[in-house]
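Participant: Build me a model from this:
(2 chains)
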Amino acid sequence: MANQDDNLLKKIISHAKEYGFIFPSSEIYDGLAAAYDYGQNGVELKNNIKSFWWKAMVQMNENIVGIDASIFMHPTTWKASGHVDAFNDPLIDNKDSKKRYRADVLVEEYIAKIEGKIDKEVDKAAKRFGDSFDKDQYLATNPRVMGYAEEIASINKRMKEAIEQENLAEVKKLIEDLGIVDPVSGSKNWTDVRQFNLMFSTELGSVADGASKIYLRPETAQGIFVNFLNVQKSGRMKIPFGIAQIGKAFRNEIIARQFIFRMREFEQMEMQFFVKPGDEMEWYEHWKNKRIQWHKTLGLGEDNYRFHDHLNLAHYANAACDIEFNFPMGFKELEGIHSRTDFDLKAHEEHSGKKLQFFDPQENKSYVPYVVETSIGLDRMFLAVMTSAYKEEVLEDGSERTLLKLPAALAPTKVAVFPLVKKDGLPEKAHEIIDLLKLDFSCQYDEKDAVGKRYRRQDAVGTPYCVTVDHQTLEDNTVTIRDRDTMQQERIDITQLHSRVADLVSLSRLLKQL
RNA sequence: GCGGGAGUAGCUCAGCUGGUAGAGCGACAGCCUUCCAAGCUGUAGGUCGCGAGUUCGAACCUCGUCUCCCGCUCCA
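Facilitator: Reported below is the predicted structural model:
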C-alpha cells in the first residue's frame, strides 16, 4: 500500500513535469530544494482553482469582499501577530535520543535547577532560624546561596551575550560547559546549535535606522487584519462580513518535502470573517459546512475528505479544525478553519494604538470583532486535484491510457479541435471552429498523427472535450464532440457547439451547487 | 539534522570483470488519409548531477560535494 502510494506520487510528479504542469525550480542549475515552477498547463489549472475559490467566496457572498495586500509589511505587524517572538529559536538536537530542543530552554531549565537549590537552602535556613529569619538578608549574605546566584548571573550573562551576538557556537559551548544532558537519553551528544527562523527576512534600504529589516509575510491573514478598518469604512461593511485574499506566503520550514505539499514559498487562499463576540461558534460551524461543500462540489471523491479537530489549540484560537485530503502520502491537512477570537485585532490595537473596532448601531456600542478564518493552501489544492484526477486505465481492447479526470471547469484546456485529416479543407474548418470558441474557452488545435493519438494526448492533460471535423462536416455543418472520461462521441451541429461547451465546462455550473 | 533509496535523452530505464553511451515511449519534419496509442522514412536531443583522485583509459572504482524521493523530527 505504502509502496503503491509512493509510486503514485512519483507518477504524478513525472506526469506533471512531462505535460507542463509543474517543473522543478531552476532545474538547469540542479534545482532549488522544495521550490517548483508552474508550467503552461499548471498555471491554467491553478488560475482556475483560484477563480473557483474567489467566485465562491467573494462573488457569491454579498458580505465578503477581497483585497490584495503587499507581501512586505511593517515589521511591527509580526511582533503583534506573535511570529517574531514565537519563532526565533536556537535549536539543538541530541544525536542519541533524536530529540530536538530549544537551546535557550535547556539553559533555562538548568538555571531552574540551581534556583531549586537556592530555594532548598532558604527552606532549611528558615527552619533553623525560625521567626527571626530574614530571607533577603540570608540571600545577600549566605556564601553558598551567593555562589549559586553568581553562577546563575554568569550563565545568564553568557547566554544573553551569545544570543545578542548570534554566536551559536558559544551557545553550544555553554551547554557543554554546563554539562547539560538530554532528559531522554541522558547523553551529552549534541549537534551544533542552529538558528531556526520561520520568517524570511530581507533588507528594505530606505527605512530609517534599525527598522530596515523586514520580513516576507509568513501568512496572508495579517494583511487582512491590518486593513480591517480600511475595508470596513470604505466598503461600509456591517458585521458580520468577510475579507478574502489570495497570495503568496513564505515560511522557512525546517524540512520542506513531498513535492508541492510543503514548500517554503506557497500560496494561500484565506478569508477572515468578522463576527460579533459570542456568535463565533455559530459562524465557525457555518464555514465548516460551507467549505466542505465547496470541496465536495468539485467531485474529487467524498471519501477523500475528513475533518480533523484540533485538541491543542494555538495561542489565538478557541476552536480549530482541518479539512484533510487523502493525498498519495495519506490524509494530510488541506484547509484550516479556525476561530481566532479577537486575538489579532486586539494585538494590532495594542501595537498600533489604533482602535480596530466596529460600532454596532443596534447595541449602540463598539467592540473588537471576533474572527473565523478559512485558510486553504492553493498548492495543496492543486495537488489534491492532480491526485484524484490521475488515472491509468486499461481499456477493453487491453490497451492503456493515462488521463487526468480533472473537473471540466478546472481543466487547462477546455476544448481541442482536430481535423480528421489535414487536407480537403478540414484544417481550415477546424480553425474556424476554434475562432468561434476561443473568445470564451481555452482551445487547442492539433493535426499531427492519427486522431486516436491526439485524443490520448488531450486525455493526458485533462482536456474534457475534443471536437473533430470530418468530411461530413463540410456537407452538413456537424462535428463530433468526444467526452474525455467515457470516450463517447456525439454528433452535433456547429451552431450548438458554443452553448454545449459552455454548459459543460462553466464554473457557474459548480457555483450553483454551493 | 538523522536513517534509507536514487541521480544516464523530455519520460521510463539498460549499460558485463573499467575500453570515451543505447532501447522503448515521446518530440520534430515528411509519407499515408484512417474516429480512439503502438503503419513507413528521416531528424534532433546526453561533457552519464558536479568536482577531485586512481588508471594508458572512468557512466562503472575511491573520496568529496550537490540535488531529489521516502521515513523520523517540525509545522501558529
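Participant: Where does pLDDT dip in the stretch 151-300 of chain A?
Facilitator: In the predicted model of the stretch 151-300 of chain A, residues A:164, A:166, A:183-186, A:195-197, A:205-211, A:254-256 satisfy pLDDT under 70.
Participant: Can you pull the phi/psi pair for the residue in the stretch 201-350 of chain A positioned nearest to RNA strand B?
Facilitator: Using CB to the nearest atom of the strand, the point where the stretch 201-350 of chain A gets nearest to RNA strand B is A:A314, with a distance of 3.4 Å. Any C-beta I mention is one placed from the backbone N, CA and C, and that applies to glycine too. Torsion angles at A:A314 (phi, psi; degrees, to the nearest 10) stand at phi -70, psi 170.
Participant: Show the pLDDT at it.
Facilitator: Confidence per residue is given as pLDDT, and for A:A314 that number is 71.
Participant: now it, nearest residue through space, not along the chain?
Facilitator: A:A320 (6.9 Å; CB to CB, 6 or more residues apart in numbering).
Participant: which residues in the stretch 351-500 of chain A form strands?
Facilitator: A:358-360, A:365-367, A:370-377, A:390-394, A:400-404, A:415-419, A:443-445, A:465-469, A:478-483, A:489-493 (DSSP state E, counting those that start in this stretch).
Participant: which residues sit against the last one?
Facilitator: Contacting residues not belonging to strand A:489-493 are listed as A:468, A:472, A:477-483, A:500 [CB atoms under 8 Å, 6 or more residues apart in numbering].
Participant: next one: the second one
Facilitator: Taking contacts as CB under 8 Å, 6+ apart, the residues outside strand A:365-367 that touch it are A:276-277, A:355, A:357-360.
Participant: Listing partners with orientation, what would you give for it?
Facilitator: strand A:358-360 (antiparallel) (DSSP bridges).
Participant: which parts of the partner strand are buried?
Facilitator: By neighbour count, with 16 or more other CB atoms under 10 Å as the criterion, the buried positions of strand A:358-360 are A:F358.
Participant: quick one: it to chain centroid distance?
Facilitator: With CA atoms, centre = their mean, to the nearest Å as the basis, strand A:358-360 stands 32 Å off its chain's centre.
Participant: do stretch A:413-429 as well
Facilitator: The chain centre lies 41 Å from the centre of stretch A:413-429; the measure is CA atoms, centre = their mean.
Participant: Only C-alpha atoms, please: export that stretch in CSV.
Facilitator: Output for stretch A:413-429, consisting of C-alpha atoms alone and laid out as CSV, is shown next (Å, rounded to 0.1, in the frame of the first residue of the first chain):
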residue,chain,number,x,y,z
THR,A,413,-7.7,23.4,-22.0
LYS,A,414,-11.5,23.1,-22.4
VAL,A,415,-11.7,22.0,-26.0
ALA,A,416,-9.3,20.6,-28.5
VAL,A,417,-10.3,20.8,-32.1
PHE,A,418,-8.9,18.3,-34.7
PRO,A,419,-9.3,18.0,-38.5
LEU,A,420,-9.7,14.2,-39.0
VAL,A,421,-7.1,14.5,-41.8
LYS,A,422,-5.0,17.5,-42.6
LYS,A,423,-6.3,18.2,-46.2
ASP,A,424,-9.5,18.7,-48.1
GLY,A,425,-10.2,22.0,-46.2
LEU,A,426,-10.6,20.2,-42.9
PRO,A,427,-7.8,22.2,-41.1
GLU,A,428,-9.4,25.4,-42.2
LYS,A,429,-12.8,24.4,-40.9
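Participant: And that stretch, what's buried?
Facilitator: Buried-residue list, stretch A:413-429, by 16+ other CB under 10 Å: A:413-420, A:426-427, A:429.
Participant: Adding pLDDT and distance to RNA strand B as columns, could you present these in TSV?
Facilitator: Formatted as TSV, the entries for these read as follows, by pLDDT from 0 to 100; distance: CB to the nearest atom of the strand, whole Å:
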residue	pLDDT	distance to RNA strand B
A:T413	94	15
A:K414	95	17
A:V415	95	14
A:A416	95	12
A:V417	95	11
A:F418	94	8
A:P419	94	9
A:L420	93	4
A:L426	92	9
A:P427	92	10
A:K429	93	11
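Participant: Let's have these in CSV, adding distance to A:K11.
Facilitator: CSV is the format used below for these (distance: CB to CB, whole Å):
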residue, distance to A:K11
A:T413, 21
A:K414, 25
A:V415, 26
A:A416, 23
A:V417, 29
A:F418, 27
A:P419, 32
A:L420, 32
A:L426, 36
A:P427, 35
A:K429, 37
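Participant: and which of those is nearest A:K512?
Facilitator: Using CB to CB, the shortest approach to A:K512 within these belongs to A:K414, at 18.4 Å.
Participant: In contact with that closest one, which residues?
Facilitator: With contact taken as CB under 8 Å, 6+ apart, A:K414 is in contact with A:408, A:437, A:441-443, A:463-465, A:501, A:505.
Participant: now do 6 Å
Facilitator: With contacts defined as CB atoms under 6 Å, 6 or more residues apart in numbering, A:K414 is in contact with A:441-442, A:505.
Participant: That one and A:L504: what is the separation?
Facilitator: Distance, A:K414 to A:L504, by CB to CB, to the nearest Å: 8 Å.
Participant: again, but for A:S70
Facilitator: For A:S70, the distance to A:L504 equals 39 Å [CB to CB].
Participant: Quick check: chain neighbours aside, which residue is closest to A:A140?
Facilitator: A:A140 sits nearest to A:M146 (CB to CB, 6+ apart), 7.6 Å away.
Participant: Same question for A:P369.
Facilitator: Counting by CB to CB, 6+ apart, A:P369 lies nearest to A:F274, which is 4.0 Å off, once chain neighbours are set aside.
Participant: does that neighbour sit in a helix, a strand or a coil?
Facilitator: Secondary structure, DSSP: H, G, I helix; E, B strand; the rest coil: A:F274 is strand.
Participant: burial count for it?
Facilitator: Residues lying near A:F274 (other CB atoms under 10 Å) number 28.
Participant: how about A:Y19, what does it touch?
Facilitator: With contact set as CB under 6 Å, 6+ apart, A:Y19 has these partners: A:460-461.
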